[in-house]
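[1] curious how this folds, go ahead:
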Amino acid sequence: MRYIIGVDGGATKTEAVAYSLADQELAVGYAGFGNLSLDFDQAVKNIINAIQQCINSLEEQEGQGDCLCIYLGIAGIEVGDNLEKVETFLKEKFACKVQGFHDTELAYEAILKGEDGIITISGTGSVSYGLYKGKKARTGGWGHILGDEGSGYAIALAAFKRMTLEEDSGWVRSELTQTIMGKLNSDQVSDIRGFIYSASKGEIAAFAPIVAELAKSAEINSLNILKQAGKELAMMTERLYKKLGINESINIGVSGSILSKVDIVREEFKSCLERDLESVHIIADDISATKGACYLHSRIIEQGKY
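    Below you'll find the model as predicted:
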């Protein structure tokens, strides 16, 4: 059996999915972070782990198969010579063709199927990527120190900053602060310094679901944080809209755990775009970014480049 594998590697996890040439999902593998900028060697190990799970599963089901190509959508792949290094390493490891892209490009293919438009992703980090009349561009994606506005990391960090404001102002602790303190098993707000300055980006972002859950019960601080995240993601998208020179109705896809699953963020994002831009159509399909491998493979075949 011949198949392809799509790999989506971000700051928190790596997902690999094997697809038949008829775009049917065959096997799935998961591992830790795939962002090459965080730790290249460990990220590559995680990527290999996820891919190997797919291959092992297919061998158990069907016997030896033939992987035609591995399509990588990996954060940090554009930095330095990471693209060449990871492609070469995986070609040697799995003895098949390997093509690497930034993770936004794979998600773009999955949701917009290569048509002109924009995709905005908000998971642990955040970024917007677009294609319009042959021009490609990106806004955001600068990482948690320089950017990542509207991301899970930014949402969690805003919650921790709210805690420090309450402490410094001598205010009664909000439900948000009390809930986070309970999660940290601490009764001293000052203890968050030790956590924030030692935790990874993913460990901090893991507190974003607390904010999302509290917002459902109208906890005011959580609501404000999520609405601000939606505004910031909309601003990132609008900058890309202008950067690409778009002046007509356009499809805007959303992806990542924050925009896909947190209704308040997505609704604020949509409201801001509809207010500020000429005409947009939001596409919020719940689809794995790895599906982009299917559309990439089909287009490469059509163009005779395979």
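
[2] what sits against C96?
    Shown in contact with C96 (C-beta atoms under 8 Å, 6 or more residues apart in numbering): 67-70. The C-beta positions use only the backbone N, C-alpha and C, and glycine is treated the same way.

[3] do the same with L38
    Applying C-beta under 8 Å, 6+ apart, the residues near L38 are 11, 76, 200-201.

[4] mind listing the strands for the stretch 201-306 of the chain?
    Secondary structure of the stretch 201-306 of the chain (DSSP state E, counting those that start in this stretch): strands at 250-255, 280-283.

[5] between those, which one is closest to H297.
    strand 250-255 (19.6 Å; C-beta to C-beta).

[6] which residues are contacting that closest one?
    Contacts of strand 250-255 (C-beta under 8 Å, 6+ apart): 107-108, 110-112, 115-123, 132, 237, 241, 260, 266, 269, 273, 279-285, 289.

[7] try it again at 7 Å.
    107, 111-112, 115-121, 237, 260, 266, 273, 280-284, 289 (C-beta atoms under 7 Å, 6 or more residues apart in numbering).

[8] which of those count as buried?
    Buried subset of the contacts of strand 250-255 (neighbour count, 16 or more other C-beta atoms under 10 Å): 107, 111-112, 116-121, 237, 260, 266, 273, 280, 284, 289.

[9] of those residues, closest to A27?
    A289 (16.6 Å).

[10] one step back: check the contacts of L38 and tell me the two furthest apart.
    Of all the pairs that these form, the one spanning the most space (C-beta to C-beta) is G76 and S200, at 14.6 Å.

[11] what's the neighbour count on the closest residue in space to E267 that isn't next to it in sequence?
    Closest residue to E267 apart from its sequence neighbours, by C-beta to C-beta, 6 or more residues apart in numbering: G230 at 7.0 Å. For G230, the neighbour count with other C-beta atoms under 10 Å is 25.

[12] residue numbering should commence at 37 henceforth.
    Got it, first residue is 37 now, which makes that one G266.

[13] might one say that G266 is in contact with V301?
    Yes - judged on C-beta atoms under 7 Å, G266 makes contact with V301 at a distance of 4.5 Å.

[14] for the residue nearest to Y277 when sequence neighbours are not counted, give me phi and psi.
    Closest residue to Y277 apart from its sequence neighbours, by C-beta to C-beta, 6+ apart: L313 at 6.1 Å. Torsion angles at L313 (phi, psi; degrees, to the nearest 10) stand at phi -110, psi 160.

[15] what about L313, how many residues nearby?
    Counted with other C-beta under 10 Å, residues neighbouring L313 total 18.

[16] and the gap between it and A270?
    Here the distance between L313 and A270 works out to 9 Å (C-beta to C-beta, to the nearest Å).

[17] and for Y39?
    38 Å.

[18] between those two, who's got more neighbours?
    Taking other C-beta under 10 Å, Y39 and A270 do not tie; A270 has more neighbours (25 against 21).

[19] confirm I157 sits in a strand?
    Yes - I157: assigned to a strand according to DSSP: H, G, I helix; E, B strand; the rest coil.

[20] list the residues that contact it.
    Applying C-beta under 7 Å, 6+ apart, one finds that I157 lies in contact with 140, 143, 163, 291-292.

[21] for it, give the beta-bridge partners.
    V163, S291 (DSSP bridges).

[22] state the distance from it to H138.
    From I157 to H138 the distance is 11 Å (C-beta to C-beta).

[23] and stretch 217-229, C-alpha only, in CSV?
    Output in CSV follows, covering the C-alpha atoms of stretch 217-229 (Å, rounded to 0.1, in the frame of the first residue of the first chain):
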residue,chain,number,x,y,z
MET,A,217,-3.2,29.6,43.1
GLY,A,218,-5.1,26.3,43.7
LYS,A,219,-3.7,24.8,40.6
LEU,A,220,-0.2,25.8,41.8
ASN,A,221,-0.9,24.4,45.3
SER,A,222,0.2,27.7,46.8
ASP,A,223,-1.3,30.4,48.9
GLN,A,224,1.3,33.1,48.2
VAL,A,225,1.1,35.1,44.9
SER,A,226,4.8,35.8,45.2
ASP,A,227,5.4,32.1,44.4
ILE,A,228,4.4,32.6,40.8
ARG,A,229,7.8,34.1,40.1
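
[24] can you give me the buried ones in that stretch?
    Quick answer for stretch 217-229 (16+ other C-beta under 10 Å): 217, 225, 228.

[25] equivalent analysis for stretch 42-61, please.
    42-55.

[26] I'd like the residues you listed as TSV, with pLDDT appended.
    Listed next are the buried residues of stretch 42-61 as TSV, based on pLDDT from 0 to 100:
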residue	pLDDT
G42	97
V43	97
D44	95
G45	94
G46	88
A47	83
T48	86
K49	92
T50	96
E51	97
A52	97
V53	97
A54	96
Y55	96
